[in-house]
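**Q** Okay, structure incoming, though there's no sequence with it:
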């Protein structure tokens, strides 16, 4: 998965969101070891301190656990991962409905468009 960063929002927040997406999608499965800070920072092309801040946010949200000897690992708490995955999906759906509303579609019309797309 490629790192996609833009200038419109803080970089650490974008890194945090992309790391979260990697966890909830299973790229980094529960209990797996996360790559070291410097490796992730080099891969993303950012300062290690910026990546460290993103990883600390993962820890604050309960998605990662720091272990002094083993580095960081993804939480084993499947329920916590699923709750964040669900929240992210709901946010995507809300953004879709908001964008459709800007085009003049009602929620029902937008939902009908999704159903139509599914049948293609």
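**A** Looks like it arrived, so ask away. Values in this document were obtained by computation on a predicted structure and should not be read as measured data.

**Q** Assumed residue 66 was part of a strand.
**A** Yes - under DSSP: H, G, I helix; E, B strand; the rest coil, residue 66 falls within a strand.

**Q** Next, the nearest residue to it once chain neighbours are set aside: secondary structure please.
**A** Once flanking residues are discounted, residue 66 sits nearest to residue 72: 5.3 Å by C-beta to C-beta, 6 or more residues apart in numbering. Where C-beta positions appear, they are placed from N, C-alpha and C, glycine not excepted. Following three-state DSSP, we place residue 72 in the strand state.

**Q** Could you check how far residue 72 is from residue 31?
**A** 12 Å (C-beta to C-beta, to the nearest Å).

**Q** Also residue 85?
**A** Counting by C-beta to C-beta - residue 85 and residue 31 are separated by 16 Å.

**Q** Which of these two has more residues huddled nearby?
**A** Counted by other C-beta atoms under 10 Å, residue 85 and residue 31 do not tie: residue 85 has more neighbours, with 16 against 12.

**Q** Excluding chain neighbours, give the residue nearest to that one in space.
**A** residue 24 is the one closest to residue 85 (C-beta to C-beta, 6+ apart), at 3.9 Å.

**Q** From what I see, the one you found and residue 80 are in contact.
**A** No - shown here, residue 24 and residue 80 do not form a contact pair, counting by C-beta atoms under 8 Å, at 10.1 Å.

**Q** quick one, which of those two is more surrounded?
**A** Comparing residue 24 with residue 80 by other C-beta under 10 Å, the one with more neighbours is residue 24, at 19 against 15.

**Q** Now for that one: which residues touch it?
**A** Going by C-beta atoms under 8 Å, 6 or more residues apart in numbering, residue 24 touches 81, 84, 85, 88.

**Q** Domain map for this structure?
**A** What the record gives for the chain is the domain set 11-76, 79-119, from automatic domain parsing.

**Q** residue boundaries of the helices in this protein?
**A** 11-24, 37-44, 48-60, 78-102, 107-118 (DSSP state H).

**Q** Give me the neighbour count for residue 11.
**A** 19.

**Q** shouldn't it be in contact with residue 45?
**A** No - between residue 11 and residue 45 there is no contact under C-beta under 8 Å: 9.9 Å.
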